[in-house]
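Colleague: The following comprises the amino acid sequence and a computationally predicted model.
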Amino acid sequence: MKKEINVVGAVIVDDGKVLCAQRGPAGSLPDLWEFPGGKVETGETPREALQREITEELECTVAVGDRITTTTYEYDFGIVTLTTFFCELTAGTPRLTEHAEVVWLKPEDLDELEWAPADIPAIELIRGAFTT
Ligand SMILES: Nc1nc2c([nH]c(=O)n2[C@H]2C[C@H](O)[C@@H](COP(=O)(O)OP(=O)(O)OP(=O)(O)O)O2)c(=O)[nH]1
């Protein structure tokens with residue numbers, strides 16, 4: 001049985017652009033792009049987990065808004081269920097701590113990056129949400 005990993009990702013929107021974060025060269029999914037976030041811990045709601053992870057990883061705070069989607073992807077190291085939420089910055093400016101790079105992209109440009117496979121359905125929905 002593969003490990004099941006419950007993950008939340010923050011789609012932080014500011015001034016019409018979306019924050020994208022690149023994973024480092026070591027570890028799983030090297031160099032791929034993702035939404036900042038991480039694993040939900042026991043006793044936390046997904047939204048609480050996301051606020052905790054963003055404070056830890058980006059040293060800023062966000063308000064967690066609408067859920068975008070939940071998708072499951074089977075990697076070789078485990079089965080990731082990723083839930084993404086729209087977020088807005090409430091204090092501070094995202095600072096690089098764990099990621100190799102962060103960039104702000106317009107929704108229509110998100111597919112220029114090489115995303116972690118679990119993120120692809122969310123990317124499509126985000127693009128759609130901004131073109132209506
Ligand atoms: N944070 C985040 N993780 C994602 C996304 N898409 C995706 O497949 N993942 C995967 C990568 C990791 O395997 C897992 C998130 O766990 P984590 O944030 O603790 O990542 P990690 O690589 O530091 O975990 P680990 O290797 O130490 O176990 O979910 C995403 O958009 N955001």
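Modeller: Sure, I can see it.

Colleague: Number of residues surrounding V18?
Modeller: 21 (other C-beta atoms under 10 Å). For the C-beta atoms, the positions are set from N, CA and C on the backbone; glycine is no exception.

Colleague: so where's the longest helix in this structure?
Modeller: Secondary structure assigned by DSSP state H gives helix 46-58 as the longest helix of the chain.

Colleague: export that one as CSV, just CAs?
Modeller: Below are the C-alpha coordinates for helix 46-58, written out as CSV (Å, rounded to 0.1, in the frame of the first residue of the first chain):
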residue,chain,number,x,y,z
PRO,A,46,-7.2,22.2,5.7
ARG,A,47,-7.5,26.0,6.1
GLU,A,48,-5.6,26.0,9.4
ALA,A,49,-2.9,23.8,7.9
LEU,A,50,-2.6,26.3,5.0
GLN,A,51,-2.2,29.3,7.2
ARG,A,52,0.4,27.5,9.3
GLU,A,53,2.4,26.4,6.3
ILE,A,54,2.4,29.8,4.7
THR,A,55,3.6,31.5,7.9
GLU,A,56,6.4,28.9,8.1
GLU,A,57,7.4,28.8,4.4
LEU,A,58,6.9,32.4,3.2
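
Colleague: so for that helix, what's the average pLDDT?
Modeller: The predicted model gives helix 46-58 an average pLDDT of 98.

Colleague: Then stretch 61-70?
Modeller: Throughout stretch 61-70, pLDDT has a mean value of 98.

Colleague: Quick check: E57 vs A49, distance?
Modeller: 12 Å (C-beta to C-beta, to the nearest Å).

Colleague: now do I12
Modeller: 15 Å.

Colleague: again, but for L89
Modeller: Taking C-beta to C-beta, one finds L89 at 18 Å from A49.
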